[in-house]
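A.B. asks: Pasting a predicted model and its sequence here:
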Amino acid sequence: MSESNDVRPASGPVNAYEQFLRQELDEGRLVISTFKSPSVRASGKPLPEHAISLLTIRWWVEMFDGHAAYHLLRPARDTVELWEASAFYAPKSSGSPAPPAVGKVVARLQSNNPDDLLIAKRLIYAVWAARIPYQVPGELNAEGALGQSDWEEIDEHLLRERGRVDWRNAADPHDLLKTSDELGLFPQCSGEKARRCRANCPMGRGHFIFIDPARGLWCCGYCKINGNSDDLRAAVSAARQARRPS
Ligand SMILES: [Zn+2]
């Protein structure tokens, strides 16, 4: 058991996903790719035929965001592979939002359990457990064999086991987290010192703004808006005005 392996959490009671992760790692059946930033990797391979398309989520690293599509493949009866395809792997000429056609294996499991979708959810958990807080998973972008409730279940377990912590534990020198809380945007943070934070986007339900409390800045890659505490207040006011029936 390697102390440096950042997929290992602190001790304490664990959920079924975490139990699966620890056991399969300990017994050497599970291999996870822990690369931190899919956006800088261009080493994708064509997605294999017969891969099951699972779901697509948004993710954040620093102030950037992107999409990651997950696919499951059984190359042999006793082996399951989780493929991740990031939009950044797509050839430039493709002009996607279309699902990218290339990806890479981010988890490989020795298992002949036939419940592929259960395994898929646990492998997606395992991959994100290795990345938080370097990357933060966001909301579901597109459903496949797995849907919104499946992603919420995975995300909820990540939240519980992977130290996404109450924003009040984060250093907040610019009161940006406090402001977002007062504005009803439900900030939440992750990581040892709670440095990675997000909150609901003021422009609508279903996605998040990324908050950098140390610098007192926030941004929404989806709405292409950003700013400081005052800008956040203004965005909330503007959104409320827009929603008010005329
Ligand atoms: Zn937004």
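C.D. replies: Structure's in. What do you need? Residues are numbered from 1 along each chain as shown.

A.B. asks: Which helix or strand lies directly C-terminal to the helix or strand of the chain with the lowest mean pLDDT?
C.D. replies: Across the helices and strands of the chain, mean confidence by mean pLDDT, DSSP states H and E is lowest for strand 188-190: a mean of 78. Remark: after strand 188-190, the chain's next helix or strand is strand 196-200, criterion DSSP states H and E.

A.B. asks: Helix or strand for A235, just tell me which one.
C.D. replies: Per DSSP H and E: helix 229-243 holds A235.

A.B. asks: tell me how far that helix is from the chain's mean position?
C.D. replies: Relative to its chain's centre, helix 229-243 lies at 26 Å (C-alpha atoms, centre = their mean, to the nearest Å).

A.B. asks: next one: stretch 236-246
C.D. replies: When C-alpha coordinates are averaged (C-alpha atoms, centre = their mean), stretch 236-246 and its chain have centres 30 Å apart.

A.B. asks: Any chance you could list what contacts that stretch?
C.D. replies: 183, 185, 202-204 (C-beta atoms under 8 Å, 6 or more residues apart in numbering). All C-beta spots, glycine's among them, are computed from the backbone N, C-alpha and C.

A.B. asks: coming back round to it: tell me the angle the helix holding A235 makes with strand 196-200.
C.D. replies: Between helix 229-243 and strand 196-200, the angle comes out at 20 degrees (axes from the mean of the first three to the mean of the last three C-alpha atoms, to 10 degrees).

A.B. asks: Quick check: mean pLDDT of helix 229-243?
C.D. replies: Mean pLDDT, computed over helix 229-243, is 91.

A.B. asks: mind giving me the domain ranges of this structure?
C.D. replies: Per automatic domain parsing, the structural domains of the chain span 16-161, 167-243.

A.B. asks: if we can go back for a sec, now, among the contacts of stretch 236-246, which is nearest to the ion?
C.D. replies: Closest approach to the ion among those (C-beta to the ion): M203, at 4.3 Å.

A.B. asks: Send me the lengthiest strand in the chain as PDB with only the CA atoms.
C.D. replies: Counting by DSSP state E, the longest strand found in the chain is strand 64-76. This file holds the C-alpha atoms of strand 64-76, laid out as PDB (Å, rounded to 0.1, in the frame of the first residue of the first chain):
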ATOM      1  CA  PHE A  64     -10.800  26.100 -17.300                       C
ATOM      2  CA  ASP A  65     -13.700  23.800 -17.900                       C
ATOM      3  CA  GLY A  66     -14.400  21.000 -20.300                       C
ATOM      4  CA  HIS A  67     -16.500  17.900 -21.000                       C
ATOM      5  CA  ALA A  68     -15.600  14.300 -20.300                       C
ATOM      6  CA  ALA A  69     -17.600  11.500 -21.900                       C
ATOM      7  CA  TYR A  70     -17.300   8.100 -20.400                       C
ATOM      8  CA  HIS A  71     -17.600   4.800 -22.200                       C
ATOM      9  CA  LEU A  72     -17.400   1.200 -21.000                       C
ATOM     10  CA  LEU A  73     -15.800  -1.700 -22.800                       C
ATOM     11  CA  ARG A  74     -15.200  -5.300 -22.100                       C
ATOM     12  CA  PRO A  75     -12.200  -6.300 -24.200                       C
ATOM     13  CA  ALA A  76     -12.200  -9.700 -22.600                       C
END
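
A.B. asks: Use 4 as the first number for this chain going forward.
C.D. replies: Happy to do that; since the first residue is 4 now, the last one works out to strand 67-79.

A.B. asks: Note down every partner strand of it and its orientation.
C.D. replies: Sheet pairing of strand 67-79 (DSSP bridges) gives strand 55-64 (antiparallel), strand 82-89 (antiparallel).
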